[in-house]
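Student: The amino acid sequence is not available; the structure is as follows:
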């Protein structure tokens with residue numbers, strides 16, 4: 001678009017255009033201000049990205065620890081095959097851990113449909129009814145199912161570690177949700193509105209002013225169009 005504006009200015013100005021201004025001080029000041037705003041905006045966005053990514057990685061790491069505990073806390077004798085109940089518990093927890101990741105990414109990316117991020121592949125019919133109403137509560141609900149599974153493991157006398165060790169499970173689940181909410185806070189908080197609007201106004205201003213200034217200066221027409 002800038003090239004089209006520059007071509008139109010060159011065409012209308014004729015062979016000997018009159019420069020818009022002999023003093024480039026104003027353009028330099030505007031260019032410096034725009035450059036500072038764009039650099040700040042890019043650096044701020046990059047910092048937000050890595051901060052959210054680090055929180056998300058910490059949350060996934062805690063979920064991986066929960067998956068490890070699902071196996072190590074339920075197998076009492078490593079020399080014999082686990083019982084059907086233990087295998088069912090491990091399979092259910094593995095499915096729920098995948099499901100909690102899906103519903104976390106649904107909220108982080110703004111996808112509110114229950115089947116987004118392939119969550120339907122890990123959902124059972126009775127669970128769908130509980131998760132279809134409020135997307136924001138889905139990670140907490142699925143995490144409560146995971147904790148209930150560990151508590152049922154203790155009640156059914158299938159826990160292979162002392163009951164106080166379940167504190168590790170509670171801590172890992174709480175940390176996973178805490179880091180997830182930290183990442184969600186960054187995803188929900190938009191870039192500062194005044195800074196964003198100022199950058200857009202200056203970019204819009206330069207989009208029209210720069211081709212006009214370049215087109216009215218002396219020089220080759222093709223070079224001016226490419227430069228603009």
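Tutor: Noted; the coordinates are in hand. Model, not experiment: these values are computed from the prediction.
Student: hang on, isn't residue 118 packed against residue 102?
Tutor: Yes - between residue 118 and residue 102 there is a contact under CB atoms under 8 Å: 6.3 Å. Glycine gets a C-beta too; all of them are placed from N, C-alpha and C.
Student: Mind checking which of the two has more residues around it?
Tutor: Per other CB atoms under 10 Å, whichever of residue 118 and residue 102 has more neighbours is residue 102, with 22 against 12.
Student: so that one touches residue 119, yeah?
Tutor: Yes - using CB under 8 Å, residue 102 is in contact with residue 119, at 3.8 Å.
Student: Enumerate the positions of stretch 70-87 that are buried.
Tutor: Of the residues in stretch 70-87, 70, 73-75, 82, 86 count as buried by neighbour count, 16 or more other CB atoms under 10 Å.
Student: what sits up against that stretch?
Tutor: Stretch 70-87 is contacted from outside by 89-90, 93-94, 97, 149-150, 153, 156, 158-161, 165-166, 169, using CB atoms under 8 Å, 6 or more residues apart in numbering.
Student: now with 10 Å?
Tutor: The contact list for stretch 70-87, computed with CB atoms under 10 Å, 6 or more residues apart in numbering, reads 88-94, 96-97, 146, 149-150, 152-154, 156-161, 165-166, 168-169.
Student: how distant is stretch 149-163 from the center of its chain?
Tutor: 36 Å (CA atoms, centre = their mean, to the nearest Å).
Student: Give me the buried positions along it.
Tutor: Using 16+ other CB under 10 Å as the test for burial, stretch 149-163 gives 149-150, 153, 158-159.
Student: What are the buried residues along stretch 164-183?
Tutor: Using 16+ other CB under 10 Å as the test for burial, stretch 164-183 gives 166, 169, 172-173, 175-177, 179-183.
Student: Next: stretch 32-42.
Tutor: Applying a neighbour-count criterion of 16+ other CB under 10 Å, one finds 34, 37, 41 buried in stretch 32-42.
Student: Do you know the pLDDT at the last one?
Tutor: Confidence at residue 41, expressed as pLDDT, is 79.
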